[in-house]
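Participant: everything below, folded, please.
(one chain, ligands or ions: 1)
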Amino acid sequence: MVRIAFFGPEGTFTEQAARNLAGADRLFPVETIPAAFDAVRSGAAEGACVPVENSVEGPVTATLDSAVDGDPLVAVAEVLLPIRFSVLTRSDAPDPPRTVASHPHALAQVRDWLGEHLPEAQQLVASSTAGAAVGVVDGEYDAAVVAPVAAEHYPLRVLATDVADLADARTRFLLLRKPGELPEPTGADRTSIVVAAANRTGSLAGLLAELAMRGINLTRLDARPVKGDYGTYRFFFDFEGHVAEPRIADALAALRRRSTHVRFLGSHPRADGVAATLEAGAGNDDFTAADSWVEAVRKGELA
Ligand SMILES: O=C(O)C(=O)Cc1ccccc1
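Facilitator: Numbering: from 1, shown residues only. Model (predicted):
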């Protein structure tokens with residue numbers, strides 16, 4: 001049976017995302033995001049579900065760092081979840097709670113709500129939202145900010161539901177596998193890569209120009225420091241399109257010529273189904289026709 005590791009424990013938003021992507025039967029929790037990657041790398045799981053970015057806090061840095069730190073994995077699917085929180089407490093905890101714990105991305109998304117409703121509670125960082133719920137059960141914290149589904153997993157009292165500072169907060173999650181057959185292009189795809197840019201004038205601009213010239217629309221750009229090499233960065237690019245399409249393949253080849261450190265992180269359908277923007281001359285047929293023209297020139301058939 002295909003087993004899918006998710007960033008747990010049970011009751012995280014990532015579990016909800018993994019259910020949407022792969023069904024509920026074959027999932028198992030691991031404690032950290034790097035452990036989810038390692039489960040696939042070691043063969044303990046065939047896939048892993050991890051959060052990658054949210055609309056309030058931005059990138060999930062543990063996911064970006066895990067994508068470059070070991071053997072390559074690729075994203076084959078994604079899901080976008082609207083994020084609203086519940087706040088859970090133990091029935092014998094102080095009222096109001098003196099401490100409230102959660103994943104840092106969750107705390108960032110309920111800062112105003114906590115300021116208004118639990119202004120005295122000390123905010124503590126937990127490994128995940130559900131990890132915070134476990135901490136409340138164990139008496140480590142008084143309250144936890146969690147995914148609504150966590151209330152089904154842990155014997156805790158619901159203090160509040162539907163909590164969110166921003167009404168349309170969303171998080172995007174990825175399903176990762178070892179490199180292999182890629183998902184078919186759909187016309188509404190996303191490609192992800194990570195590139196090491198040299199520390200010299202214009203090197204990032206040069207990488208971006210390769211995409212812009214080919215009419216490729218960027219959907220995300222994040223920088224992460226290269227550990228142990230102060231002042232150097234890797235750049236994570238997400239852009240519209242699939243590596244099976246000539247403009248994307250052409251751009252990847254150009255990036256590869258500019259930087260020997262390019263890692264392909266996957267081409268897969270977008271969860272929001274938004275079709276790729278196609279500039280005039282950047283379609284598959286345009287590339288095929290242009291290649292045929294060059295071929296004819298080479299053969300001396302055209303001038
Ligand atoms: O901790 C969780 O439940 C996660 O899956 C990570 C996360 C945290 C906050 C919002 C969305 C995802």
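
Participant: the residue nearest to Leu166 when sequence neighbours are not counted in helix, strand or coil?
Facilitator: By the measure of CB to CB, 6 or more residues apart in numbering, the closest residue to Leu166 outside its immediate chain neighbours is Val56, 5.9 Å from it. No exception for glycine: its C-beta is placed from N, CA and C like everyone else's. Reduced to three states with DSSP: H, G, I helix; E, B strand; the rest coil, the structure at Val56 is coil.

Participant: so how many other residues sit close to Val56?
Facilitator: Taking other CB atoms under 10 Å as the neighbour definition, Val56 ends up with a count of 19.

Participant: correct me, but it touches His105?
Facilitator: Yes - between Val56 and His105 there is a contact under CB atoms under 8 Å: 7.5 Å.

Participant: which strand residues sit across from Ala48 in the sheet?
Facilitator: When bridges are called by DSSP bridges, Ala48 pairs up with Ala5, Leu176.

Participant: how about the contacts made by it?
Facilitator: Each residue near Ala48 by CB atoms under 8 Å, 6 or more residues apart in numbering is listed here: 4-6, 30, 36-37, 39-40, 73, 175-176.

Participant: do Ala151 as well
Facilitator: Contacts were defined as CB under 8 Å, 6+ apart; by that measure Ala151 touches 86, 88, 158.

Participant: can you check Arg41 too?
Facilitator: With contact set as CB under 8 Å, 6+ apart, Arg41 has these partners: 70-71, 73, 178.

Participant: what comes into contact with the longest helix anywhere in the chain?
Facilitator: In terms of residue count, the longest helix belonging to the chain (DSSP state H) is helix 284-298. Contacts with helix 284-298, where a contact means CB under 8 Å, 6+ apart, come from 245-247, 250, 302-303.

Participant: what about the nearest residue to Ala130 once chain neighbours are set aside, how many neighbours?
Facilitator: With CB to CB, 6+ apart as the measure, Gly11 is the residue that lies nearest to Ala130, at 3.9 Å, once sequence neighbours are left out. The local packing count at Gly11 equals 26, with neighbours defined by other CB under 10 Å.

Participant: and what of Leu211?
Facilitator: Leu211: 22 surrounding residues under other CB under 10 Å.

Participant: tell me which residues of the helix or strand where it lies are tucked away?
Facilitator: Mapping Leu211 onto the secondary structure by DSSP states H and E places it in helix 203-213. When neighbours are counted by 16 or more other CB atoms under 10 Å, the buried residues of helix 203-213 are found to be 204, 206-207, 210-211.

Participant: quick one: low-confidence parts of the stretch 1-150 of the chain?
Facilitator: In the predicted model of the stretch 1-150 of the chain, residues 1 satisfy pLDDT under 70.

Participant: in it, mark out all the helices, start to finish.
Facilitator: Per DSSP state H, counting those that start in this stretch, the stretch 1-150 of the chain carries helices over the ranges 13-22, 33-42, 61-69, 104-109, 111-117, 129-137, 150-153.

Participant: highest average neighbour count across those helices?
Facilitator: With neighbours defined as mean count of other CB atoms under 10 Å, the helices of the stretch 1-150 of the chain peak in mean count at helix 129-137, which reaches a mean of 25.

Participant: from the contact counts, what lies against it?
Facilitator: Contacts of helix 129-137 with other secondary structure elements, assessed using 3 or more CB pairs under 8 Å, 6 or more residues apart in numbering; DSSP states H and E, are made with strand 85-89, strand 99-102, strand 143-146, helix 150-153.

Participant: columns distance to the ligand on top of these, output as CSV?
Facilitator: Written out in CSV, the entries for the helices and strands packed on helix 129-137 read as follows (distance: least, CB to the nearest ligand atom, whole Å):
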stretch, distance to the ligand
strand 85-89, 8
strand 99-102, 7
strand 143-146, 7
helix 150-153, 8
